[in-house]
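Q: give me coordinates for this.
(one chain, ligands or ions: 3)
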Amino acid sequence: MKFADVIVDISAQQLDRKFQYRIPTMLEQNIRPGVQVEAPFGKGNRTVVGYVIRVTDKPDYELEKMKFIQGISQKKQSLEGRLIELASWIRENYGCTMLQALKTVLPVRQKNGRRTNRTIVLKLSKEEAARILEEEKRRSHTARVRLLEYLIDDGSVDYAACLKELNLSATVVRALERMGVLFVEDESDFLSPFQEHKREMPFPELTEEQGRAVDEIREEWRGDAPRPVLLHGVTGSGKTVVYMSLISAMLEQGRQVILLVPEIALTYQNVQRFCECFGKDVAIIHSRLSQGERAEQFGRAARGEARIMIGPRSALFAPFPSLGLIIVDEEQESSYHSEMTPRYHARETAVERARLEGARVLFGSATPSMESRYRCETGEYREVRMSRRFGSRGLARVKITDMREELRKGNRSMLGGELRRSLAECLERGEQAMLFLNRRGYAGFVSCRTCGYVVKCPHCDVSMTIHKHGRLVCHYCGHETTAFHSCPSCGSPYIGGFRAGTQQVEELLLREFPQARVLRMDMDTTRHKNDHEKLLRAFGEGRADILVGTQMIVKGHDFPMVTLVGALAADLSLYTGDYRGAERTFQLLTQAVGRAGRADRPGVAVIQTYHPEHYAIQAAARQDDDIFYEEELGYRRLMGYPPVENLLAIHASSADELRLNTAMEYLKRYLFRATGREKVQIIGPADEAVSKVKDMYRKVIYIKHRTYGTLTRLKDKTEQYVEINNGFRGIYIQYDFNA
Ligand code: ADP
Ligand code: ZN
Ligand code: ZN
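A: Numbering: from 1, shown residues only. Ligands and ions are numbered 1, 2, ... in the order given. As a prediction, this is how the structure comes out:
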């Protein structure tokens with residue numbers, strides 16, 4: 001006997017109101033999540049149409065009281081139905097409740113009304129604001145004091161809520177705005193530069209190689225079993241141009257397109273090109289939109305006002321009536337893997353959505369993920385390559401500096417000799433340089449040179465990071481303390497920050513090259529909505545000579561005047577304690593190297609490292625991703641890591657450490673029993689890399705197996721075990737596949 005959970009009203013508020021029905025035997029074959037059914041409803045048993053969201057063989061309540069489904073609705077499966085089916089797939093494959101999956105997938109519907117969302121944002125540093133606060137206190141401006149205290153705590157606050165809660169008038173906000181203390185930000189500001197596109201530019205004419213790539217892709221998609229295609233093209237080969245050509249063909253067939261990009265703020269140049277090309281057909285969502293604004297963009301898609309949805313992974317669920325193509329640009333980016341439950345991967349989810357819609361999938365990258373390359377090798381995807389940079393742009397000359405050698409020569413600076421010389425020459429020629437460091441803040445962790453003590457956050461068990469003015473900050477929970485003058489452990493005065501941060505690099509450059517104009521781009525200088533764009537635009541317009549930043553500066557920007565790229569401390573991403581360190585390092589360095597050089601003047605890239613012999617560094621220096629792939633695959637195969645095998649992480653957290661430890665030990669024993677004779681590798685339970693966050697203790701069990709299905713089955717069993725077992729009360733479990 002089978003039972004179906006049915007929802008009658010799919011608005012975001014009603015998703016959790018489900019009703020269970022019995023499935024007549026003759027319908028059993030045809031009822032699955034997403035199917036629209038007719039069923040008796042309420043006291044009068046009037047017939048309503050609803051969606052099946054789950055099929056189960058365990059009834060939730062007494063059989064005698066349960067009504068039967070009457071039949072399957074004759075209507076063609078609707079878009080909502082397909083999205084519900086997708087939600088069900090997400091639930092099965094990534095582990096979450098059906099409600100969580102539905103909320104991820106179904107478009108948010110919001111009541112009309114509040115269109116804009118205004119925020120008050122603190123413009124000054126907290127120290128500066130604190131000085132003004134003292135001043136205002138002295139003058140007894142109590143309203144200003146209330147607002148300032150609030151802002152110093154939170155950085156930014158909702159305009160309407162704040163005025164109401166603090167009982168302020170708008171004049172107070174305006175007064176502080178005039179003093180330069182704060183500014184008021186309108187949520188819809190961000191879209192305006194993109195969406196005021198008037199002209200629709202003609203397509204660029206394809207080069208021979210680009211034309212061949214388009215032909216190959218279309219040939220693959222004309223076949224009976226069209227596969228996802230990986231467009232593997234070096235930086236500057238014109239992948240964007242290929243996307244445009246395929247998109248316009250789709251639109252001509254009356255179908256719609258989803259284009260996923262890792263982070264709009266960082267790829268605004270590209271997004272702008274799409275807007276110029278496709279005008280009003282484009283809808284954009286990004287992470288900083290309010291729910292209402294997102295709903296508005298999704299609404300444009302549903303109503304047919306927009307036919308191309310550009311955005312981060314959540315754009316994948318755009319409610320297009322006849323979706324024809326999903327493109328995932330920079331498919332290797334980790335932002336495509338959701339960090340919240342359900343922890344779905346946009347790459348795989350795109351393939352499933354496309355299957356349900358009869359649509360095509362294109363992945364694009366200059367440095368594809370190990371997963372995608374592996375799937376090309378096994379024949380699951382089709383690979384199409386482009387190897388020429390547009391307009392004969394040459395590849396940069398790459399030099400590796402061994403920082404151990406520099407130290408031996410007595411150079412303790414963050415700039416090796418090679419990079420310093422190249423910078424001086426670059427500035428001399430009036431060209432631009434980019435220096436990237438994959439860290440933020442003034443300097444990294446603070447440690448004692450005498451005894452090795454490292455200052456850690458009391459709540460999170462991660463090292464605190466030193467910021468300007470001597471503040472120590474925890475990047476997980478935001479805990480702050482002032483710097484130590486002597487070691488709390490041994491009393492030695494030799495305690496301080498050692499590793500370089502972007503601020504420190506900036507200061508060093510200003511000292512060494514006082515004539516150079518330096519821009520810094522990192523988390524701290526890009527707090528506000530348009531900051532990324534402003535900084536990148538300023539640099540692009542030549543208003544600075546050197547751009548210093550974290551990895552965000554090497555992703556997807558085209559700056560023709562940049563002839564020097566320096567990777568400071570290339571190793572920081574190499575030994576991060578997880579198996580993707582080498583892959584991430586290779587991708588970052590390759591992207592960085594690809595930024596240098598232009599048609600008439602070949603660029604130079606300098607990679608500074610403590611591990612010059614590492615294959616990720618060697619392969620990046622040679623821009624050879626085949627070599628990297630072979631080496632890395634060997635390592636993954638040897639260790640049984642994805643993509644060769646599959647890896648399920650069961651994360652558990654609890655405020656009660658003892659309870660957590662006991663529960664995880666039991667879970668491990670259960671898993672051993674549940675796997676029986678199957679050769680499944682179970683690792684842990686172990687402390688997470690960060691073993692405590694916001695006073696919650698965290699442990700993890702890893703399970704490895706060749707087939708994904710074995711792991712989803714174990715996940716299902718674990719879900720059941722956790723549900724019926726009292727020992728798991730107060731323990732929060734999350735599943736993560738192949739993270
Ligand atoms: P990728 O995305 O592969 O890094 P892009 O599509 O951004 O490469 O192309 C790199 C640069 O070359 C862009 O400035 C783009 O406008 C230009 N370009 C590429 N192909 C063509 C073409 N066929 N006609 C004109 N310009 C092109
Ligand atoms: Zn010490
Ligand atoms: Zn913390």
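
Q: so the residue of the stretch 251-400 of the chain found nearest ligand 1 versus G238, what's the distance?
A: Residue of the stretch 251-400 of the chain nearest ligand 1, by C-beta to the nearest ligand atom: F390 (3.6 Å). Placement of C-beta: from N, CA and C, glycine included. From F390 across to G238, the span is 5 Å (C-beta to C-beta, to the nearest Å).

Q: out of these two, which sits in the more crowded spot?
A: Comparing F390 with G238 by other C-beta atoms under 10 Å, the one with more neighbours is G238, at 22 against 15.

Q: common neighbours of F390 and G238, please.
A: Residues touching both F390 and G238 by C-beta atoms under 8 Å, 6 or more residues apart in numbering: T207.

Q: who's in contact with the residue in the stretch 1-150 of the chain that ligand 1 sits nearest to?
A: Closest to ligand 1 within the stretch 1-150 of the chain is L86: 28.6 Å, counting by C-beta to the nearest ligand atom. Residues in contact with L86 (C-beta under 8 Å, 6+ apart) are G34, V105, F317, T349, E352, R353, L356.

Q: follow-up on the earlier one: is it true that the residue of the stretch 251-400 of the chain closest to ligand 1 touches K239?
A: No: here F390 does not reach K239: they are 10.2 Å apart, not a contact under C-beta atoms under 8 Å.

Q: which elements pack onto the biggest helix by length in the chain?
A: Longest among the helix segments of the chain by residue count, using DSSP state H, is helix 657-675. Under the contact definition 3 or more C-beta pairs under 8 Å, 6 or more residues apart in numbering; DSSP states H and E, helix 657-675 sits against strand 646-654, strand 681-693, strand 696-705, helix 708-724.

Q: so for the strand or helix carrying the residue of the stretch 1-150 of the chain closest to ligand 1, mean pLDDT?
A: For L86, the host element (DSSP states H and E) is helix 79-94. For helix 79-94, mean pLDDT rounds to 92.

Q: alpha carbons of it, in PDB - could you do that?
A: Only the C-alpha atoms of helix 79-94 are listed here, as PDB (Å, rounded to 0.1, in the frame of the first residue of the first chain):
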ATOM      1  CA  LEU A  79       6.200  24.100 -14.700                       C
ATOM      2  CA  GLU A  80       5.400  23.800 -11.000                       C
ATOM      3  CA  GLY A  81       5.100  20.100 -11.300                       C
ATOM      4  CA  ARG A  82       8.500  19.800 -12.900                       C
ATOM      5  CA  LEU A  83      10.000  22.000 -10.200                       C
ATOM      6  CA  ILE A  84       8.500  19.800  -7.600                       C
ATOM      7  CA  GLU A  85       9.900  16.800  -9.300                       C
ATOM      8  CA  LEU A  86      13.300  18.500  -9.200                       C
ATOM      9  CA  ALA A  87      12.800  19.300  -5.500                       C
ATOM     10  CA  SER A  88      12.200  15.600  -4.900                       C
ATOM     11  CA  TRP A  89      15.400  14.700  -6.800                       C
ATOM     12  CA  ILE A  90      17.300  17.300  -4.700                       C
ATOM     13  CA  ARG A  91      15.900  15.700  -1.500                       C
ATOM     14  CA  GLU A  92      16.900  12.300  -2.500                       C
ATOM     15  CA  ASN A  93      20.400  13.200  -3.800                       C
ATOM     16  CA  TYR A  94      21.600  15.700  -1.200                       C
END
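
Q: returning to what we had before: the contacts of L86 in helices, which ones?
A: Per DSSP H, the subset of those in helices is V105, T349, E352, R353, L356.

Q: which one of those residues is nearest to E541?
A: T349 (38.4 Å; C-beta to C-beta).

Q: just confirm the closest one contacts I90, I think it does.
A: Yes: counting by C-beta under 8 Å, T349 does reach I90; the two are 6.6 Å apart.

Q: outline the domain layout of this protein.
A: 3-105, 116-188, 201-390, 393-443+498-636, 646-737 (automatic domain parsing).

Q: of all those, which one is nearest ligand 2?
A: Ranking the domains of the chain by distance to ligand 2, with C-beta to the ion as the measure, places domain 393-443+498-636 first at 13.7 Å.

Q: tell me the mean pLDDT over that closest one?
A: 84.

Q: could you do stretch 294-305 as well?
A: 88.

Q: what does stretch 18-33 give?
A: Mean predicted lDDT for stretch 18-33 stands at 91.

Q: between the two ends of that stretch, how far is it?
A: 13 Å (C-alpha to C-alpha, to the nearest Å).
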